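Student: kindly generate the corresponding structure for this input.
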Amino acid sequence: MADIKRLLSLPVREKETFFLWGARQTGKSTLLRSAYPEARWVDMLKAETFRRYSTNPEYLREELEQSGEKFVVIDEIQKVPALLDEVQWLHENRRIQFALCGSSARKLKRGHGNLLGGRGARFELFGLSARELGRDFDLHRMLNHGTLPRIYLTETPGRLLNAYVSEYLKEEVMAEGLVRHLPPFSNFLNAAALSDTEQVNYTNIARELGVSRETVSGYFGILEDTLIGHLVPSYRKRPKRRVVSADRFYFSDVGVANFLARRGKVVPGSELYGKAFENWVFHELRCYDSYRERFAGFSYWRLSSGIEVDFVINDLECAIECKSAAVVTDKHLKGLRELAKDYPKIKRRILIAQEPHSRRTPDGIEILNIESFLDELWEGKLF
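Tutor: Below you'll find the model as predicted:
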């Protein structure tokens, strides 16, 4: 992992206080240590550090005023929300800059934690992108292992994925008091994994788990706040035909989704491989959007008849369909063609597939292979 250059650019240490969010094991601490090797480090995962500052958050101010240090990294800041009041005071009155790192802002938001009144910029680190791996990128490996650095690089992903899920439940969910009872949420994770890349039916999941619809909705909120998953709304502007309104859900890491859904090894040509492929495309889109600060809006389009397009970017700036097939046929293009009937002014229609060469259909649909998709994306040509 030390040889992998991450694409997220962090601020110069003397210039800015910021938050760095990211799901567990995306590499936040490694990135910060590499970017700021001389910074004072406050690690809330250490029991003695956690006890010290949770009991007496003012100790941070006293220590920094005495030491004169001007840049501090606080890891897992969400564990001690009260410390943010001291951070704001030190930032405003002593011009000390902070890198505030964490895997969830949920506890801060729900506890009305001080998020520095908008003074702290927000960055997010995702799992590995194909562009970060360069020549070492292996699509089949990523669709099976996922994007978390340690798990992508291992030869035994199942063992580490099991540990990851257990650690998430124990440290992120239960220890932070995000749910009252862990077993129902643990069962929910398995049900949510079956919804990966699909529309979310809160009522059906609630019936299956024996809980309320509101509880299931709250559980999905926890996945979003802990950066484990992301809900994508449907595109419903100026509809000419009846469209679906339900959100679609994506796990942030396809390896975690595979493990929770008990998919086993996904193989080319299978339905599960296609779902994993779509999840990966969305991962790449979000990495680019965040790291290049495009702040794009992502949605999907689906008619009540079932015809759909996987991703609509911004207000029809680009529409993307994902197919893991090695040969694209007319049936794969149906969604993009139907979308153009309702929205003829759409700028670009793209189908991402595993064909060996990119091409354009007579009616203007661009079929991009993996290499062309990644080049167009990271060169800023898609949005």
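
Student: so who does the residue nearest to Asn201 when sequence neighbours are not counted touch?
Tutor: Closest residue in space to Asn201, ignoring its immediate chain neighbours: Ala246 at 7.0 Å, by Cβ to Cβ, 6 or more residues apart in numbering. Where C-beta positions appear, they are placed from N, C-alpha and C, glycine not excepted. By Cβ atoms under 8 Å, 6 or more residues apart in numbering, Ala246 lies in contact with 199-201, 234.

Student: report the buried members of those residues.
Tutor: Members of the contacts of Ala246 that pass the buried threshold by neighbour count (16 or more other Cβ atoms under 10 Å) are listed as 199-200, 234.

Student: would a markdown table of those with pLDDT, distance to Lys275 and secondary structure be doable?
Tutor: Written out in a markdown table, the entries for the buried ones among the contacts of Ala246 read as follows (pLDDT from 0 to 100; distance: Cβ to Cβ, whole Å; DSSP: H, G, I helix; E, B strand; the rest coil):
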| residue | pLDDT | distance to Lys275 | secondary structure |
| --- | --- | --- | --- |
| Gln199 | 97 | 13 | strand |
| Val200 | 97 | 15 | coil |
| Ser234 | 98 | 18 | strand |
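
Student: looking at these, which is nearest Pro37?
Tutor: The shortest gap between Pro37 and any of those belongs to Val200, at 43.0 Å (Cβ to Cβ).

Student: residue contacts, that closest one?
Tutor: Applying Cβ under 8 Å, 6+ apart, one finds that Val200 lies in contact with 220, 231, 246-249.

Student: so what are the domain limits for this structure?
Tutor: Per automatic domain parsing, the domain ranges recorded for the chain read 18-124, 131-378.

Student: those domains: lowest mean pLDDT?
Tutor: Mean pLDDT is lowest for domain 18-124 out of the domains of the chain, coming in at a mean of 91.

Student: with the buried ones among the contacts of Ala246 in mind, which one is nearest to Leu333?
Tutor: Compare each of those with Leu333 using Cβ to Cβ and the shortest gap goes to Ser234, at 20.5 Å.

Student: is the closest one in contact with Phe298, as I believe?
Tutor: No. Counting by Cβ atoms under 8 Å, Phe298 is not a contact partner of Ser234; they are 11.0 Å apart.

Student: centre of the chain to the longest helix belonging to the chain, how far?
Tutor: Scanning the chain for the helix with the most residues, using DSSP state H, yields helix 271-291. The gap between the average C-alpha position of helix 271-291 and the chain average comes to 10 Å, counting by Cα atoms, centre = their mean, to the nearest Å.

Student: and which of the contacts of Val200 is nearest to Gly364?
Tutor: Compare each of those with Gly364 using Cβ to Cβ and the shortest gap goes to Arg248, at 25.7 Å.

Student: which non-adjacent residue is nearest the closest one?
Tutor: Counting by Cβ to Cβ, 6+ apart, the residue nearest Arg248 is Val232, at 4.6 Å.

Student: surely the one you found touches Tyr300?
Tutor: Yes. Proximity of Val232 to Tyr300 meets the contact threshold set by Cβ under 8 Å, at 5.7 Å.

Student: name the residues contacting each of those two.
Tutor: Applying Cβ under 8 Å, 6+ apart, one finds that Val232 and Tyr300 are jointly contacted by 248, 311.

Student: quick check on the two: which one has the bigger neighbour count.
Tutor: Here Val232 and Tyr300 are set side by side on neighbour count (other Cβ atoms under 10 Å), and the busier one is Tyr300, at 24 against 20.

Student: mind telling me what element the more buried one is part of?
Tutor: Taking DSSP states H and E as the definition, Tyr300 sits inside strand 298-302.

Student: just to revisit the earlier point, closest to Asp3 out of the domains of the chain?
Tutor: Closest to Asp3 of these is domain 131-378 (Cβ to Cβ; 8.9 Å).
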